[in-house]
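Colleague: no sequence for this one, just the structure:
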């Protein structure tokens, strides 16, 4: 047993929740961001602003620059996961076909299949890497065969299962928009602030439509909420780093005093059902946007791209003034106002004290 542990340590194979549930999952979201999400944004800008380079297909490929980016979602996620797992170069590059095959075979739930299979393929590749004199053949062959072989066996079942769960959540949200608006908003908002990837979770489940709108509301409530409530301690620098960056920066302070989370969570419990019941806010852009919140304004941008060029089969719309007002209220104005009110109440109650939310 000690020899096995020593071998795994030498190969940097760390079987832990942090490595797989935080590092790999977070990296997967970044890979998806740099391919599918950016591709969607480029396509929308090209069509709406009439930019020929972004709008017109290149040659006989039938793809635009954004289309090329979106087509590489599978490889992008797989390579990002391999990078997070400290995969050597030969393993990392071999994950390109693994990610492509897995995402293609996984269908609508492809991102979740890519996550599981890329992790396994990367770790197996690391185990054989540089163990033979013909490493240049052994490592890529083993990595690709393990990854593509698993994709053939389990990518479709995993993708189908993820898609079904996402469909169930979306269906439940349409049936019970008040209750599910609260549940989805609060849960996804909490996931965004925890050191896990809400974006990857939303992408894996294909969380779009009304449920995606609730998820956007919860994420925005956490990011804008922490930025506003901690303004006394962190000033405008905190507004930018948390409001446009990530509320995850507060995790250390949350561990020390969990009650500093109350304003953001309470705000998300209100904006979620307002999004589903009053403004009918839907995320019809890429599902990864549902878990991004105001990080780079990806949440609002995803809603906008979903209005103009839906990716989930919904009908395109021409947004009205009410649509824009609803988007601004749910993503920025109400999270700021509500969290500020709850923050004042928590400070008066002594639950939040000066310095509790100071960023180092």
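Modeller: Received the coordinates, thanks. Keep in mind that what you see is a predicted model, and the values were worked out from it rather than measured.
Colleague: residue contacts, the nearest residue to residue 261 once chain neighbours are set aside?
Modeller: Setting aside the residues directly before and after it, residue 261 is nearest to residue 254 in space (C-beta to C-beta, 6 or more residues apart in numbering), at 5.5 Å. Heads up, the C-betas are built off the backbone N, CA and C, glycines and all. Residues near residue 254 by C-beta atoms under 8 Å, 6 or more residues apart in numbering: 193, 260-261.
Colleague: and what of residue 210?
Modeller: So residue 210 contacts 170, 173-174, 177, 276, 280-282 (C-beta under 8 Å, 6+ apart).
Colleague: how does it look with 6 Å?
Modeller: 173-174, 276, 282 (C-beta atoms under 6 Å, 6 or more residues apart in numbering).
Colleague: List the buried residues of the helix or strand where the residue nearest to residue 261 lies.
Modeller: Element membership for residue 254 (DSSP states H and E) is helix 251-256. Within helix 251-256, the residues that count as buried by 16 or more other C-beta atoms under 10 Å are 253-254.
Colleague: now for the next helix or strand after it, which elements pack on it?
Modeller: Note on helix 251-256: by DSSP H and E, the next helix or strand toward the C-terminus is helix 262-273. Where contact means 3 or more C-beta pairs under 6 Å, 6 or more residues apart in numbering; DSSP states H and E, helix 262-273 is packed against helix 177-193, helix 209-229, helix 334-348.
Colleague: I'd like the distance between the closest residue in space to residue 162 that isn't next to it in sequence and residue 309.
Modeller: Nearest residue to residue 162 in three dimensions, chain neighbours excluded: residue 109, at 3.2 Å (C-beta to C-beta, 6+ apart). Separation of residue 109 from residue 309 (C-beta to C-beta, to the nearest Å) stands at 22 Å.
Colleague: If you count surrounding residues, which of the two has more?
Modeller: Taking neighbours as other C-beta atoms under 10 Å, residue 109 and residue 309 compare with residue 109 leading, 26 against 17.
Colleague: Tell me who's in contact with that one.
Modeller: Residue 109 makes contact with 159, 162-163, according to C-beta under 6 Å, 6+ apart.
Colleague: switch to 8 Å and redo it
Modeller: Counting by C-beta under 8 Å, 6+ apart, residue 109 has contacts 158-163, 166, 204-206.
Colleague: Take the residues you listed and keep only those in helices.
Modeller: Judged by DSSP state H, helices contain the following of those: 158-163, 166, 204-205.
Colleague: filter these to the buried ones?
Modeller: By 16+ other C-beta under 10 Å, these give 158-159, 162-163, 166, 204-205 as buried.
Colleague: Mind putting those residues into TSV with distance to residue 292 and pLDDT?
Modeller: TSV is the format used below for these (distance: C-beta to C-beta, whole Å; pLDDT from 0 to 100):
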residue	distance to residue 292	pLDDT
158	23	93
159	22	91
162	19	90
163	20	90
166	17	92
204	14	88
205	14	91
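Colleague: Out of these, which comes closest to residue 31?
Modeller: Taking C-beta to C-beta as the measure, residue 31 lies nearest residue 204 of these, at 12.6 Å.
Colleague: pretty sure the closest one is touching residue 112, no?
Modeller: Yes. Counting by C-beta atoms under 8 Å, residue 204 touches residue 112, with 3.7 Å between them.
Colleague: Need the overlap of contacts for the two.
Modeller: Contact with both residue 204 and residue 112 is made by residues residue 162, according to C-beta under 8 Å, 6+ apart.
Colleague: Tell me the predicted confidence for residue 21.
Modeller: With respect to pLDDT, residue 21 scores 87.
Colleague: So what's the residue count around it?
Modeller: 13.
Colleague: Which residue, neighbours along the chain excluded, lies closest to it?
Modeller: Nearest to residue 21 is residue 196, by C-beta to C-beta, 6+ apart, at 6.1 Å.
Colleague: contacting residues for the one you found?
Modeller: Counting by C-beta under 8 Å, 6+ apart, residue 196 touches 21-22, 25-26.
Colleague: Many thanks, have a good one.
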